[in-house]
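Participant: A structural model of the following input is requested.
(2 chains)
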Amino acid sequence: MRLADLWYISLALALFSLLIMAGLIITRFFVERHKRKVTLERSRIMPLLLDHSSDPSALSERALSKGLLADLTVELVQLVRGEDRDRFVDAATCGGVTATLVRRLTRGSARARATAAEALAHFRGSDSTAALHAALSDRNCEVRMAAALALAETGREPPIEVLIERLGLGSMQISLLVTNLFQKIADRDPAQIEALITDNDVTINVKSAAVDALTSIRGFALAPVVNALVMELDPDSPELPKLIRALGLFQHPAGIPGVSFHLDSRFGWVRAAAAEAAGRIGMMESSSKLAAMLGDIDWWVRFRSGEALARLGQSGIARLREASRRGIEPARSAARLTLAELGIER
Amino acid sequence: MIEWQPWLIYSAGTIALVVIGVGLIQILFYIIQLGFAAASLAQRPPVSSPSLLWQRYSERALPIAVLAPAYNEEVTIVESVTSLLALHYPEFEVIVINDGSDDRTLRRLIDHFELKSVERYHDLTVKHAQIRGLYASPRIPSLLVVDKENGGKSDALNAGINVARAPLFCSIDADSILESDALLRAVRPFLEKPDEVIAVGGTIRLANGSRIESGRVIDVRLPRNFLALVQIVEYLRAFLMTRLALSRMEALTVISGAFGLFRRRLALEVGGYSHGTVGEDMELVIKLHRHMRLQKKPYRIEFIPEPVCWTEAPENLTILGRQRARWQRGALETFAKHRDMLFNPRYGRIGFIGFGQILIVDVLGPVVEVIGYVLVPLLWAVGLLSIDYLLAFLAITFTFGIFISVATLILEEMELRRFPRASDLIVLTLISVLENLGYRQLSNFWRLLGVWQYLRKKKGWGTMTRKGFARSA
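Facilitator: Prediction:
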């Protein structure tokens, strides 16, 4: 290749790109013109979708753009609730939206497929359900998760073991959306999710997501099993602080052994979580330990210890006052500023 | 026609080949980046509506501390903070750090938001200039103002990191405008890969010419100013092509200081933002890479194109030149400080791709190209170089440049379509051609100035005169 060939190659590339750009600009002009028609069509369709008194089958009798109807449905279905949403979905179904979304679930970009899956959450017919189940085997993980969430939204999901396998939850790091998924399932069948916590074949992050999902539903009833988990876990496990915090949220004495044990962890983030949990559970027996932790090398530990002492009521506040007057730095500042922030006099 | 000595002709040819070679390597880098950026955009997850994002993520969204350093921002500070407080995000606090302003920035904040002096226990892990006071209001629990001695942007951000309590912090410029759902979009990678993602960068777009009301960009328009238009094309290349591609290659070396989301704990572990550099944003990212590599833990630093932060670009040659020289200086400072990472297998892709990019584009690129502008035409004119060399040089500095810019515009139009009018595309296409006729050369000269400033060990930001966003009447 000669040097001058670089000039010809670059010129060809530049001209080619300018040609494509010209094509896109022309397309955009047409799109903008078409947009006006689309806007008119949208304003025609929207009242039909939203008008609750009209016959839902009215949409099927009109010649409407199926694609536009589907797009409008996806946009608006999030804005309506309860019976209004049911009527909205009925109207859209009569208009053929389900079929359009099911088609979109199997073709096009991953982005389009995931959007279709999200929208199908509101369509409970057998076509929609079958398509979503099939989408659990989609090659893209975003689509699979969207399909799982859509099924769980209306109780159509497969057994939890199937979900774990299809979503690959045992083999890779899991998204925090898994907690959303578990929560939707737990709302109807908490036992399925609770079984994960004691299942030896399930990874710790799946168990942790299960605990998260169940915390608001099962509350302190989970404390013994989570306490057992916390005692078994590796001290440097990234899930340990989350589980210790969950023990704190349960506010149950069954969590005391696990929290007490980890107050002495060699990892600052674990000690901090344990201090926080100790305050929430009301572990008065740990007040001297927490007072000593006001001087911890890790700021978060000092901060959480101060918070915890304040939560212990008068005895904890007395410890804070003591430390703010007679303690040595950094405990003194930790105590003083904790009291100041809470508006409590030293 | 002069009969030149063979060794002169040989030397001239060698010089030209070096110039062309370095330029060609840059072009190849850019073409590869275009490919990766295209793949990344084609495979990116759905851009859900804000209501769906809220439904999906709000319960799991990690608390964020938005850190806004402010220095002499009395004109815009109240509006900026008001728009930050209106961000759509489940749990966040806005920490404004008044970095020793000598105007009425602090007074305006205190008066407008009815702030009172408070005490708050905060970390002291990273060093910064003394905090003079903290201000808050029970009416607005999500706002905290830190008043401190002047120490520069890095110093102010470090104070913010110390004071913050959220697991994530978002560094922004006080006069930037975040889109209302920017945090919700930017936090997504942290939720989807919670064990790996440690930092996320979003797109910076230029608001010059757009209509702004109540701290929101309500009508995206192109500016009339040529410099601002050229910078729009530059920013597209920088964000849509380079950063997206490097993120995909897991070799992202910088997250813009105007909008970046970081794990607070890790930022503390690497000592926060470094002092004594004007490239503090790049420096933090490189330190994070080094830290995670040495710990041998899997991690990701990502760039995603959807969350948008709007900012104002300089429309004046002097101020723009100062900015570009400063950016060049910052890149060189970071490169020099961490030069042991270059091509070091211990640092994997960052060492080879990330630092390789910095070496070619930031270290060698401007110097070699400016040498080329001076020597290649001259050597051709006196007959020491054949026309082939001149054509190859023109390809490197002109036509390939047009291709790269227009290709980026094509990506933008096909995947994102954020410019609302077809006429905008016509203007930007024209600018993509014109920028190579003078502006590119000027830009390289500014960068050379940055190199000179670096070699002379110049410090500081210089004077940045802000005209403020143009508000609608």
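Participant: Return the distance of the strand or helix carrying residue A:30 from the chain's centre.
Facilitator: Using DSSP states H and E, residue A:30 maps to helix A:3-50. Average the C-alpha atoms of helix A:3-50, do the same for its chain, and the two points are 36 Å apart (Cα atoms, centre = their mean, to the nearest Å).
Participant: Could you give the average pLDDT over it?
Facilitator: Across helix A:3-50, pLDDT averages out at 87.
Participant: Take the next helix or strand after that helix, keep the C-alpha atoms, and write them as PDB.
Facilitator: Sequence order places helix A:66-76 as the next helix or strand after helix A:3-50, per DSSP H and E. C-alpha atoms of helix A:66-76 as PDB (Å, rounded to 0.1, in the frame of the first residue of the first chain):
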ATOM      1  CA  LYS A  66     -51.200  -2.100  15.900                       C
ATOM      2  CA  GLY A  67     -47.700  -0.900  16.600                       C
ATOM      3  CA  LEU A  68     -48.800   2.500  17.700                       C
ATOM      4  CA  LEU A  69     -51.500   1.000  19.900                       C
ATOM      5  CA  ALA A  70     -48.900  -1.200  21.500                       C
ATOM      6  CA  ASP A  71     -46.500   1.700  22.100                       C
ATOM      7  CA  LEU A  72     -49.300   3.800  23.600                       C
ATOM      8  CA  THR A  73     -50.300   0.900  25.800                       C
ATOM      9  CA  VAL A  74     -46.800   0.500  27.100                       C
ATOM     10  CA  GLU A  75     -46.600   4.200  27.900                       C
ATOM     11  CA  LEU A  76     -50.000   4.500  29.600                       C
END
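Participant: Quick one: list the elements packing against the helix or strand following helix A:66-76.
Facilitator: Sequence order places helix A:82-94 as the next helix or strand after helix A:66-76, per DSSP H and E. On a contact count with 3 or more Cβ pairs under 8 Å, 6 or more residues apart in numbering or on different chains; DSSP states H and E, helix A:82-94 meets helix A:3-50, helix A:66-76. All C-beta atoms are positioned from the backbone trio N, CA, C, and that covers glycine.
Participant: If I take the helix holding residue A:30 and helix A:66-76, what angle do their directions form?
Facilitator: In terms of direction (axes from the mean of the first three to the mean of the last three Cα atoms, to 10 degrees), helix A:3-50 departs from helix A:66-76 by 70 degrees.
Participant: Can you check what angle separates helix A:3-50 from helix A:82-94?
Facilitator: On the basis of the same axes, to 10 degrees, helix A:3-50 is oriented at 120 degrees to helix A:82-94.
Participant: ok, helix A:3-50 near chain B or not?
Facilitator: Yes. Helix A:3-50 comes into contact with chain B (Cβ under 8 Å from any Cβ of the partner chain), by way of A:3-4, A:6-7, A:9-11, A:13-14, A:16-18, A:20-22, A:24-25, A:28-29, A:32.
Participant: where along the stretch 51-200 of chain A do the helices fall?
Facilitator: For the stretch 51-200 of chain A, applying DSSP state H, counting those that start in this stretch gives helices covering A:66-76, A:82-94, A:97-104, A:110-120, A:126-135, A:141-153, A:160-167, A:177-188, A:190-197.
Participant: In CSV, list those along with mean pLDDT and mean neighbour count.
Facilitator: Conversion of the helices of the stretch 51-200 of chain A to CSV gives the following (pLDDT from 0 to 100; neighbours: other Cβ atoms under 10 Å in any protein chain shown):
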stretch, mean pLDDT, mean neighbour count
helix A:66-76, 79, 19
helix A:82-94, 81, 17
helix A:97-104, 90, 21
helix A:110-120, 88, 24
helix A:126-135, 94, 18
helix A:141-153, 92, 24
helix A:160-167, 92, 18
helix A:177-188, 92, 21
helix A:190-197, 92, 18
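Participant: what does the stretch 201-346 of chain A put close to chain B?
Facilitator: Proximity of the stretch 201-346 of chain A to chain B (Cβ under 8 Å from any Cβ) is limited to residues A:205, A:238, A:269, A:299-300, A:302-303, A:306, A:333-334, A:337-338, A:340-341.
Participant: Selecting buried members of those residues in ChimeraX, what would you type?
Facilitator: For the buried members of those, the matching ChimeraX selection, counting by 16 or more other Cβ atoms under 10 Å in any protein chain shown, is:
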select /A:205,269,299,300,302,303,306,333,334,337,338,340
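Participant: farthest-separated two in the residues of the stretch 201-346 of chain A next to chain B?
Facilitator: The most widely separated members of these are A:205 and A:340, with 38.7 Å between them, by Cβ to Cβ.
Participant: Number of residues surrounding residue 325?
Facilitator: The chain I'm using is chain A. Residue A:325 is flanked by 11 other residues according to other Cβ atoms under 10 Å in any protein chain shown.
Participant: oops, chain B please
Facilitator: There are 23 residues near residue B:325, going by other Cβ under 10 Å.
Participant: just the one 4 residues further on next, same as before
Facilitator: In terms of burial, residue B:329 registers 26 neighbours under the definition other Cβ under 10 Å.
Participant: Ok, the one 3 residues further on next?
Facilitator: Applying the criterion other Cβ under 10 Å, we find 22 residues in the vicinity of residue B:332.
Participant: can you check residue B:426 too?
Facilitator: The tally of other residues near residue B:426 (other Cβ under 10 Å) stands at 15.
Participant: where's it relative to residue B:189, distance?
Facilitator: Counting by Cβ to Cβ, to the nearest Å, the gap from residue B:426 to residue B:189 is 35 Å.
Participant: on that earlier part again, in a markdown table: the residues of the stretch 201-346 of chain A next to chain B, plus distance to residue B:295 and secondary structure.
Facilitator: Converted to a markdown table, those look like this (distance: Cβ to Cβ, whole Å; DSSP: H, G, I helix; E, B strand; the rest coil):
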| residue | distance to residue B:295 | secondary structure |
| --- | --- | --- |
| A:205 | 20 | helix |
| A:238 | 13 | coil |
| A:269 | 15 | helix |
| A:299 | 21 | helix |
| A:300 | 19 | helix |
| A:302 | 25 | helix |
| A:303 | 25 | helix |
| A:306 | 30 | helix |
| A:333 | 30 | helix |
| A:334 | 28 | helix |
| A:337 | 32 | helix |
| A:338 | 32 | helix |
| A:340 | 37 | helix |
| A:341 | 34 | helix |
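Participant: circling back: can you state the direction angle for the helix holding residue A:30 and helix A:97-104?
Facilitator: Angle, helix A:3-50 to helix A:97-104, by the same axes, to 10 degrees: 160 degrees.
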